[in-house]
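Asks: Here's a sequence, model it:
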Amino acid sequence: MPGFAKIASWTLLIYLAYCCVLFLMQRHILFPRHLVVTDPAAQKDIPGVERIWLNTNAGKVETWFMPAATGKGAGPAPAVIFAHGNAELIDYGIEELKVFTQLGIGVLLVEYPGYGRSEGKPSQKSITQALVAAYDILVAREDVHPSRIIFYGRSIGGGAICALAAERASAALILMSTFTSVRSYALKHLVPGFLIRDPFDNLAVVASYSGPVLIIHGRKDELIPYKHGVALYHAAKNGKLISYECGHNDCPPNWDSFWKEIESFLRQSEVIGNFTRRF
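Replies: Reported below is the predicted structural model:
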């Protein structure tokens, strides 16, 4: 028995050390900003893009705004706030998200604190504060319709945008390749959920969200299993699920079909109408 007690004690100490290391390293793993290369050329003015710097508790945070491609006198337009993945920057979203502007929707890309040229460090709290500040500036614009704001998040950005949805109103919510909660991964790594510093409880937010929700997920997603998307869909009061035969980083497999689905969802949700331009 003394030998068993010694083994048990060492096992417990090793496990506690393991939990301690994961606790200290979790933000480094969740927000691998050290792997994301910042493009120096992006510091220059980009045609059609308005650079806006936010003053937050974390420091200055960069945002980019692309106005809707509507004619003069069209009035305030809908707008989408986009939150990117954890190994991305707002720099990557310009070409991809221009389709929104062709649909008559403005686009606001919000950088995370500590990413790219933004100051501070990323966490659920600092990211949420940045997104709330960005939202408040967006709805105050004369060229933006404050009751037609769309929240769109991809991967970890789904957690960021759900955190914003818990703080501010929106007309629709789009979640792509998104998890139910970071705590859902705790059991996989054999650690208790309470050690997770940035839980991003998307499932709870979606369950309480009253507007239309579009869930997009790949059946072969190797990073965030498809079951997460299904669970979010079932939790939504007014949800729609689009499933693709793809993984995490190759989703969607066909961008033309994807944008037609997005346009259809936004028209059915009456976020955009016949006055917008089709691509």
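
Asks: Next one: Pro212 from Cys246, what distance?
Replies: When C-beta to C-beta, to the nearest Å is the yardstick, Pro212 and Cys246 sit 23 Å from each other. Any C-beta I mention is one placed from the backbone N, CA and C, and that applies to glycine too.

Asks: Which of those two has more residues huddled nearby?
Replies: Taking other C-beta atoms under 10 Å, Pro212 and Cys246 do not tie; Pro212 has more neighbours (22 against 17).

Asks: Touching, the more buried one and Arg267? I think so.
Replies: No. With contact defined as C-beta atoms under 8 Å, Pro212 does not reach Arg267; the gap is 11.1 Å.

Asks: Specify the local secondary structure of the closest residue to Val144 other than its chain neighbours.
Replies: Among residues not flanking Val144 along the chain, Ala79 sits closest, at 4.7 Å (C-beta to C-beta, 6 or more residues apart in numbering). The three-state label for Ala79, taken from DSSP: H, G, I helix; E, B strand; the rest coil, comes out as strand.

Asks: check contacts around Ala79.
Replies: Neighbour list for Ala79: 68, 105-108, 138, 141, 144-145, 148-150 [criterion: C-beta atoms under 8 Å, 6 or more residues apart in numbering].

Asks: Scan those and report the most crowded one.
Replies: Neighbour-wise, the contacts of Ala79 (other C-beta under 10 Å) top out at Ile105, 30 neighbours.

Asks: The spatially closest residue to that residue that is not a sequence neighbour: neighbour count?
Replies: Closest residue to Ile105 apart from its sequence neighbours, by C-beta to C-beta, 6+ apart: Pro78 at 4.8 Å. Neighbour count for Pro78, taken as other C-beta under 10 Å: 25.

Asks: do the one 4 residues further on as well
Replies: Residues contacting Phe82 under the criterion other C-beta under 10 Å number 23.

Asks: so it, which of the three states?
Replies: The local conformation at Phe82, judged by three-state DSSP, is strand.

Asks: can you check the one 10 residues further on too?
Replies: Per three-state DSSP, the secondary structure class of Tyr92 is helix.

Asks: who are the neighbours in contact with it?
Replies: Shown in contact with Tyr92 (C-beta under 8 Å, 6+ apart): His84.

Asks: ok, it to Phe194 distance?
Replies: 34 Å.

Asks: Please give the number of neighbouring residues around Pro192.
Replies: What Pro192 shows, counting by other C-beta under 10 Å, is a neighbour count of 10.
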